[in-house]
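Trainee: have a look at this prediction, sequence included:
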Amino acid sequence: MHSTLFLILRRMRTPLICLIASYAVSILGMTLIPGVDADGRPAPPLDFFHAFYFVSYTATTIGFGEIPVAFSDAQRAWTIVTIYLTVIVWLYSIGTILGLLQDPALQRAIRANRFEAAVRRLRQPFHLIAGCGETGVLLLHALDSRNQQAVVLDIDAARISELELGQYHLDVPALTADARLPENLIAAGLHHPQCAGVIALTNDDPANLSVAVTTKLLRPELPILCRADLLDTAANMASFGVEDVVNAFELFGEHLGIAINNPGHHLLYQWLTGVPGEPLAMPMEPPRGTWLVCGYGRFGKAVARQLDKQGIQLVVVDEHPPADHEHAVTGRGTEAHTLLEAGIEQAVGIVAGTHDDINNLSIAMTARQLKPGLFVVLRQNRHANAALFERFAAQATMQPSSIVAHAFLSLLTTPLLPRFFNLALREGDAWADVTLSRIAAVVGDTVPEVWDRELSKTETLAVWQMLGEGATLRLGDLLRSPAHREETLACVPLLIKRGSTEILVPDSDTALQAGDRILFCGEAHTRHQQALGLHDYNTLNYLLTGNQAPGGLVWRKLAERGKAKRTATHPHG
Amino acid sequence: MNLEKVIFGFFIILAMTLNFGFVIGDLDNPVHHDVYELFFAIVVNLIATVLKFGERTQIGAIHLASSFVADLQLIAAAGVWATAVYLTGTGLTPGVTASIVSLAAGALAANVLSVIMLLVETVMFRR
């Protein structure tokens, strides 16, 4: 970066030397050529002071005239030389220097320097986001609304300028740079002590891979979240220990499979990963039976693989159908005869999953005409086509960018949530229905907030102190309202993680231990109410015992002494 | 032989010799200190400064710093001279001359430092 600055300085040498030399020659000439006084007699030449004054206003084309007295003809002759020499050199030099300052390379270097300084100044934990396309912007907005700092790298200058126009609470340092180059990641704060994690979100698998490799080598302890569109890349990343790889196609295929086989679990997933405050999703109940999958690319393959895994009957429609698939039909799927050949009459659902939005809509419209009650799943590739997809109102629309953003967000903000879903899948449908009704009872009809609490000194001081004193604390105590301890807070504990053991939907009698991580879901204000008891020793004491204990350290000591005395005088009391 | 190095060395040494030529003589005697010599010392010093632009070594940075010091001292000397002769009309009294020459002598010290660094750089290069 700094080499550009030196290069610019080097290029300034010639114009500056020309300027100095032309001034020197002109001034020297003026101090040697004799002048003339008012009577026409020879007078001494200009001294250095006046010569410098004269050349200064001549070179800059200001031109005050012959000062301090009228010139002799010899001086005028030299003035002609001075004018042509200095004016031309002045224009050339100043023009060149201004041009050099406008140099794109220099401007880039200046921007990069400012970016590095802004990153160095960060004093709160931040995430390094490489790639700020649709997914990146969604994630950035979500992080920003949770007051979490981010630093952004993107290869496209247009996206970075859009970022400057975006409405963010926090100042997000952003730079147009190639995230594949380690030096750019380092400039973006890879070595910064506050760097909390690296998120590779570019739409280029090799670039995400190289970000992951760089991070693993330079800061092995940092968590890395990666997007991978190809299974190869995902396997490659997992092989050297990338914590979380999100493949939008696989993820969607998996959830479609779950939605068909275990609608309850899918609804649970939708409720807990939605945007808090929005209406709760209605149960989507994809029918069981034969499904058509149109388009056998990355998405089609992922869906087919996941549906196969769930034991669902499939027919694949593609221009180049796979040889290894037993039910495959050749064609694009946009024409009625192909769909009829694939057996749309007997099918219950269709997945329009090509990489072309218009083709997907065309497939879906044809299919709906042939069989109106069909369950339609649409793949939306471009955010710009949202209006068309809304209008069509398919039963399920798959948008890779928002799926990846939601998956990353839950990984970043509530790392326990993915664990919860993994455990939940082992339970049956009946369990899912019970859990759903418990959640519905506390949150009403909007998407709940999900949060986790660690029983540690930094996060929940009061609980930590009390556990340290040897008190027994049960989960139910944390669910009491700090206003009236008999009332219960409107939230549901979903999971306790204690070392390597995990307790799914723990009941109120569960005894807590220091170091436990607990996942709750409920309304936002419940979370703040709960925080009162977790941070304040006296409030927690009230929740536990119902006593309004004395507040400060001195009063607490006095109360303890008083209690000890009473116990001593009344041994049986 | 590198032409750039020749020009570089030439201007640095010339800056020192001109400066030396101006400073030598009685400290307060204006006759011993020619104004043209001061003029050329300033011009050559400025050119030497510009030639040092864009050197990215540590020694290059010190070179540039010493040149800036010399420029500052010489321009201050010229400023004192212009003030005394034209602005206040005091003329070149022994006191004024002494202050002009001592400012230029300071610049000489910086220029000598530049030449020493030039020599050090050359010797290191030979090794």
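Mentor: Looks like it arrived, so ask away.
Trainee: can you tell me the average pLDDT over stretch A:140-156?
Mentor: Averaging pLDDT along stretch A:140-156 yields 86.
Trainee: measure that stretch end to end?
Mentor: One end of stretch A:140-156 sits 17 Å from the other (Cα to Cα, to the nearest Å).
Trainee: residues making contact with it?
Mentor: By Cβ atoms under 8 Å, 6 or more residues apart in numbering or on different chains, the residues outside stretch A:140-156 that reach it are A:119, A:122, A:124-133, A:136, A:160, A:163, A:166, A:168-170, A:172-179, A:184-185, A:188-189, A:202, A:405, A:409, A:412-413. (Glycine included, C-beta is placed from N, CA and C.)
Trainee: let's see it at 7 Å
Mentor: Outside stretch A:140-156, the residues that touch it by Cβ atoms under 7 Å, 6 or more residues apart in numbering or on different chains are A:119, A:122, A:124-132, A:160, A:163, A:168-170, A:172-179, A:184, A:188-189, A:409, A:413.
Trainee: now the buried members of those residues.
Mentor: Applying 16 or more other Cβ atoms under 10 Å in any protein chain shown to the contacts of stretch A:140-156, the neighbour count classes A:119, A:122, A:126-132, A:160, A:163, A:170, A:172-177, A:179, A:184, A:188-189, A:409 as buried.
Trainee: so which of those are in helices?
Mentor: Applying DSSP state H to these, the entries found in helices are A:119, A:160, A:163, A:184, A:409.
Trainee: surely the fourth one meets residue A:207?
Mentor: No - no contact is recorded between residue A:184 and residue A:207 when judged using Cβ atoms under 7 Å, the distance being 11.4 Å.
Trainee: what touches both of these two?
Mentor: In contact with both residue A:184 and residue A:207: no residue, using Cβ under 7 Å, 6+ apart.
Trainee: picking that back up, closest to residue B:39 among the ones in helices among the buried ones among the contacts of stretch A:140-156?
Mentor: Closest approach between those and residue B:39, by Cβ to Cβ: residue A:119, at 49.3 Å.
Trainee: for the closest one, give me its contacts.
Mentor: So residue A:119 contacts A:151, A:173, A:188-189, A:192 (Cβ under 7 Å, 6+ apart).
Trainee: and the residues you listed, which two are the farthest apart?
Mentor: The widest separation within the contacts of residue A:119 (Cβ to Cβ) is 11.1 Å, between A:173 and A:192.
Trainee: phi, psi for residue A:477 please.
Mentor: Main-chain dihedrals, residue A:477, degrees, to the nearest 10: phi -60, psi -30.
Trainee: look up how far residue A:466 lies from it.
Mentor: From residue A:477 across to residue A:466, the span is 10 Å (Cβ to Cβ, to the nearest Å).
Trainee: on that earlier part again, which of the ones in helices among the buried ones among the contacts of stretch A:140-156 has the weakest pLDDT?
Mentor: Within these, residue A:409 has the lowest pLDDT, namely 80.
Trainee: look up the closest residue to that residue, ignoring the ones flanking it.
Mentor: Spatial nearest neighbour of residue A:409, excluding adjacent residues (Cβ to Cβ, 6 or more residues apart in numbering or on different chains): residue A:142 at 5.0 Å.
Trainee: got a pLDDT number for whichever residue of the stretch 1-150 of chain A sits closest to chain B?
Mentor: Minimum separation of the stretch 1-150 of chain A from chain B (Cβ to the nearest Cβ) falls at residue A:10, amounting to 3.2 Å. pLDDT, residue A:10: 86.
Trainee: would you agree residue A:51 is in contact with residue A:27?
Mentor: Yes - Residue A:51 is within contact range of residue A:27, at 4.6 Å (criterion: Cβ under 7 Å).
Trainee: which one is residue B:39 nearest to, not counting chain neighbours?
Mentor: Spatial nearest neighbour of residue B:39, chain neighbours left out: residue A:48 (5.9 Å); criterion: Cβ to Cβ, 6+ apart.
Trainee: make sure the residue nearest to residue A:409 is indeed in a helix.
Mentor: Yes - counting by DSSP: H, G, I helix; E, B strand; the rest coil, residue A:142 is found in a helix.
Trainee: thinking again about what came up before, among the contacts of stretch A:140-156, which are in strands?
Mentor: A:126-130, A:174-176 (DSSP state E).
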